[in-house]
Structures are given as structure tokens and as C-alpha cells.
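> Here's a sequence, model it:
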Amino acid sequence: MSGSAFSATDDDELVQLARRGELAAFEELVGRHRDKIYARAFSLTRNEDEAMDLSQSAWVKGWQRLQQFQGESSFATWMTRIVINLCLDYLRRQKRRRTESLEAMAGENDGLEPHLPVIPVNPTAGLERLELRRVIDDALDRLSVEHRTVLVLHEFEAMEYKDIAKTIGCSPGTVMSRLFYARRKMAALLADLRNQP
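Numbering: from 1, shown residues only. Coordinates of the predicted model:
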């Protein structure tokens with residue numbers, strides 16, 4: 001990718017070229033930002049396959065809606081918002097399915113929090129940085145979808161409470177409450193996980 005004709009071109013100019021039908025310019029944008037878009041999808045879904053599918057869908061939607069991009073934020077921020085919205089839609093559908101399947105089961109399972117998928121540990125995680133990453137991943141896996149979502153949007157995307165509230169469809173007070181509990185639970189989980197042998 002770095003050897004492409006557009007490697008020295010900035011994002012704004014690439015967007016303008018892509019809007020005029022220059023597919024290679026859009027491919028350069030994808031190459032520059034795909035890792036971040038995938039990482040954001042993964043941080044919300046905690047599922048590698050779903051994150052890949054959702055990030056691919058985000059790029060398709062980005063291409064289709066490129067004419068609507070106003071340039072009020074950076075292209076990367078605009079694409080991040082697209083993938084976040086796709087992930088939130090996916091998580092809502094998953095929650096509905098889980099609720100329906102839980103209701104179909106015997107009443108003894110009422111109120112149980114579904115377990116999120118566990119990400120396999122990197123075999124080279126002996127290195128301190130990778131170990132810390134694993135610990136953080138494990139802790140994120142143990143948060144509820146609601147708590148993980150507000151934590152990711154606030155900490156990784158630096159979104160303000162009112163913007164998070166609008167994105168996920170709740171009040172700013174609910175966002176603040178979820179963020180408070182998410183941080184507290186995350187701190188406790190990190191302490192527990194780091195103390196494990």
C-alpha cells in the first residue's frame with residue numbers, strides 16, 4: 001500500500017478523488033484506516049469474525065455514502081462512527097436473540113448474564129505488553145455489552161456523554177452511571193486478573 005501513487009496524498013484530497021469515482025483513492029483510505037476500524041469493531045463485539053464482517057460492511061457503507069461526508073470531522077472519525085453504529089445495531093440484534101432464547105428456556109435461567117466469547121490467548125503473551133493486552137481483553141470480555149459499549153466510546157473514541165447518549169439511545173445520566181460502574185468493574189477485574197499466576 002505504501003508504494004501506491006497516493007501514499008503522499010492527505011485524506012481530504014483522497015476523499016475528493018474518491019468522490020469523483022477514483023476507486024484507487026478510496027482503496028488508499030481503506031489501507032490507511034482499516035486496522036483502526038477493525039479494532040473498534042472488535043473492541044465492541046469481542047468477536048473476530050463479526051468484527052471483520054462489520055468492518056467490511058462499514059467500508060461498503062462508507063463508499064456508498066461518500067457524497068454525504070461533510071468534512072466536519074476527519075474521514076477516520078466519520079468511518080469510526082459508521083462502524084460503531086453497525087456494531088451497536090449488531091449488539092442490539094444479538095441481545096434480542098439472547099432474550100428470546102432465554103425466554104424460551106426454563107425459568108431457572110432467568111436473570112443470568114450471558115457469557116461473552118473468550119478470545120484465545122496469544123501464545124507469545126509472555127512479553128509484558130502482550131500480557132497486559134491479554135489482561136485488558138479478558139477484563140473487557142467480562143463486562144456487560146452496555147458497560148463495555150460506553151467504556152469503549154468514552155475512553156477509545158473520546159466521545160462526550162451527550163454524544164454517547166444519542167448514539168446508544170439513552171439519557172446522559174444513564175451513560176454516566178454505566179461508565180462509573182464499567183470503570184469500577186474494569187479496575188476490579190484488572191486487579192484480579194493481574195494477580196492470577
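> Now stretch 49-57 - C-alpha only, CSV.
Extracted C-alpha coordinates of stretch 49-57, given in CSV (Å, rounded to 0.1, in the frame of the first residue of the first chain):
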residue,chain,number,x,y,z
ASP,A,49,-15.3,-12.9,12.6
GLU,A,50,-18.1,-10.5,13.4
ALA,A,51,-15.6,-7.6,13.7
MET,A,52,-14.2,-8.5,10.3
ASP,A,53,-17.7,-8.6,8.7
LEU,A,54,-18.9,-5.4,10.4
SER,A,55,-15.7,-3.5,9.4
GLN,A,56,-16.1,-4.7,5.8
SER,A,57,-19.8,-3.6,5.9
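> quick one: secondary structure of S4?
coil (DSSP: H, G, I helix; E, B strand; the rest coil).
> which residues touch it?
Taking CB atoms under 8 Å, 6 or more residues apart in numbering as the contact definition, S4 lies against A24, E27, E28, G31. Just so you know, the C-beta spots here come from the backbone N, C-alpha and C atoms, and that holds for glycine as well.
> Which elements pack onto the helix or strand of the chain with the lowest mean pLDDT?
Lowest by mean pLDDT, DSSP states H and E among the helices and strands of the chain is helix 128-142, with a mean of 79. Packing partners of helix 128-142 (3 or more CB pairs under 8 Å, 6 or more residues apart in numbering; DSSP states H and E): helix 172-195.
> The longest helix seen in the chain packs against which elements?
The single longest helix within the chain, with elements called by DSSP state H, is helix 75-104. Where contact means 3+ CB pairs under 8 Å, 6+ apart, helix 75-104 is packed against helix 11-19, helix 23-45, helix 48-64, helix 145-151, helix 161-168.
> buried set for it?
75, 78-84, 86-88, 90-91 (16 or more other CB atoms under 10 Å).
> quick one on the thing from earlier: give the buried subset of the contacts of S4 as a PyMOL selection command.
Filtering the contacts of S4 down to the buried ones (16+ other CB under 10 Å) takes a single PyMOL command:
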select buried, resi 27+28
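> can I get the contacts of S4 in a markdown table with distance to R148 and pLDDT?
Formatted as a markdown table, the contacts of S4 follow (distance: CB to CB, whole Å; pLDDT from 0 to 100):
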| residue | distance to R148 | pLDDT |
| --- | --- | --- |
| A24 | 37 | 94 |
| E27 | 32 | 95 |
| E28 | 32 | 95 |
| G31 | 28 | 95 |
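> wait, doesn't H33 sit right on W78?
No: the criterion here is CB atoms under 8 Å, and H33 misses it with W78 at 10.1 Å.
> before we move on, back to that, got the buried residues for the least confident helix or strand of the chain?
E131, R134, V135, D137, D138, A139, L140, R142.
> would TSV of the residues you listed with distance to A8 be doable?
Shown next, in TSV, are these (distance: CB to CB, whole Å):
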residue	distance to A8
E131	38
R134	37
V135	39
D137	36
D138	41
A139	40
L140	37
R142	44
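> ok, how many other residues are close to R184?
11 (other CB atoms under 10 Å).
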